[in-house]
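Peer 1: here's my sequence, what's the structure:
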Amino acid sequence: MNRMWMGLTLVAVGISGCCAGLEFGAEARVPPWSVHAVVLFCALLVPAGAGLLALHARGAPKERPVRGGARNLPAGGDPAPEEWDYELPLPVLSRLDAIAGRLPTEDLEGLRVMLRDGLLPLLPSRLGWGCTRCGIDAPRRKVTLTRNTGMLVLRRHETLEGEFCGPCLRSLAGDVALHNLALGWWGVISAFVNLAALPQAVFEWEAAKSMKAPPEGAEPPRLDEASTARISPAAGRIVNRLLSGLDPGEVYEEEGSRLGVLPAQVLLFIAALAGGSGEDPGAPGADEAG
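Peer 2: This next block holds a predicted model:
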């Protein structure tokens with residue numbers, strides 16, 4: 001059953017249940033609290049159904065631009081390093097393979113270990129060089145949102161945090177608000193959590209309206225043939241500097257300035273080089289549950 005039919009069903013059942021409960025309670029000799037409980041439960045079905053209908057009306061989220069070869073990601077999420085060779089131009093992949101073949105095996109393994117342990121960022125946004133969701137360098141707002149799902153006796157929540165541009169924040173906060181409105185009330189603890197999570201998402205949705213939109217035609221940094229050709233001769237030096245324990249952000253900025261490319265493109269180069277060797281440096285993390 002899709003969201004539209006489920007939403008219509010919940011709204012219909014909620015309204016019918018409220019009317020039936022009020023009519024039955026007026027005629028039958030039952031404790032008032034039981035009637036109130038039934039009416040309250042049915043009343044909660046109405047906003048839940050309305051939230052599902054609103055989610056259906058919004059449709060599937062638009063795909064975000066590919067960032068330097070990574071696939072589309074959940075907000076705030078990093079791809080597994082082995083996914084970085086997707087969408088990269090074939091000449092870039094060929095050059096990366098050639099460089100990987102020339103570098104010492106222990107250096108490549110060291111990069112993979114740093115990548116696996118989170119010591120090397122995979123996305124420019126991790127260093128504040130763009131929106132967490134789309135990667136575009138535009139005015140951003142740092143937020144933490146909670147997507148709350150009540151399951152009567154259990155509950156599940158997902159924390160979404162990052163620095164988002166106006167359009168991405170409006171889309172993300174709107175989706176979270178509608179999700180919490182529809183599914184956040186079903187449980188005692190979940191209902192209390194939702195009292196904070198839902199207004200927070202609505203507040204961020206409203207705040208996104210006043211944010212300046214990215215420039216027309218703006219794109220996230222990409223690892224193209226020209227930038228790869230400029231970075232390639234310095235690959236060994238950059239890898240050695242990273243393995244020596246220097247701050248990755250400073251290394252990328254200094255090398256970007258020296259080579260005439262964006263620091264984000266140096267980051268993407270190293271991430272693709274470390275993750276494109278074919279070995280799995282680490283399994284992706286599991287969704288947070290509570």
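
Peer 1: mind listing what's buried in stretch 235-254?
Peer 2: Judged by neighbour count (16 or more other Cβ atoms under 10 Å), stretch 235-254 contains these buried residues: Ala235, Ile238, Val239, Arg241, Leu242, Pro248, Val251, Tyr252, Glu253. Every residue, glycine included, has its C-beta placed from N, CA and C.

Peer 1: now the first one: which helix or strand?
Peer 2: Looking back up the chat, that one is Ala235. helix 235-243 (DSSP states H and E).

Peer 1: mind listing residues that contact that helix?
Peer 2: Outside helix 235-243, the residues within contact range by Cβ atoms under 8 Å, 6 or more residues apart in numbering are 99, 102-103, 107, 110-111, 114, 120, 231, 248, 251, 255, 266, 269-270, 273.

Peer 1: hang on, the earlier thing: could the buried residues of stretch 235-254 be laid out in TSV, adding pLDDT and distance to Val92?
Peer 2: As requested, the buried residues of stretch 235-254 are arranged in TSV below (pLDDT from 0 to 100; distance: Cβ to Cβ, whole Å):
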residue	pLDDT	distance to Val92
Ala235	90	13
Ile238	91	16
Val239	90	17
Arg241	91	22
Leu242	90	20
Pro248	89	21
Val251	91	21
Tyr252	91	18
Glu253	91	22
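
Peer 1: where in the stretch 51-200 of the chain is pLDDT low?
Peer 2: Applying pLDDT under 70 to the stretch 51-200 of the chain picks out residues 51-87.

Peer 1: what ranges does it have for its strands?
Peer 2: With DSSP state E, counting those that start in this stretch as the criterion, the stretch 51-200 of the chain has strands at 140-151, 154-165.

Peer 1: please point out which parts of the last one sit buried.
Peer 2: Yep, that's strand 154-165 we're talking about. Buried residues in strand 154-165, defined by neighbour count with 16+ other Cβ under 10 Å: Arg155, Arg156, His157, Glu158, Leu160, Gly162, Glu163, Phe164, Cys165.

Peer 1: what's the closest of those to Glu204?
Peer 2: The closest of the buried residues of strand 154-165 to Glu204 turns out to be Phe164 (Cβ to Cβ; 8.8 Å).

Peer 1: quick one: buried ones out of the contacts of helix 235-243?
Peer 2: 99, 103, 107, 110-111, 114, 120, 231, 248, 251, 255, 266, 269-270, 273.

Peer 1: let me know the closest of those residues to Val176.
Peer 2: Leu120 (29.3 Å).

Peer 1: so who does the residue nearest to that closest one when sequence neighbours are not counted touch?
Peer 2: Computed as Cβ to Cβ, 6 or more residues apart in numbering, the closest residue to Leu120 that is not its neighbour in sequence is Met114, at 4.6 Å. The contact partners of Met114, taken as Cβ under 8 Å, 6+ apart, are Leu120, Leu242, Leu243, Ala274.

Peer 1: need those in CSV (columns: distance to Val193).
Peer 2: Shown next, in CSV, are the contacts of Met114 (distance: Cβ to Cβ, whole Å):
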residue, distance to Val193
Leu120, 34
Leu242, 41
Leu243, 43
Ala274, 38
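
Peer 1: and the residues you listed, which is closest to Arg140?
Peer 2: Leu120 (22.0 Å).
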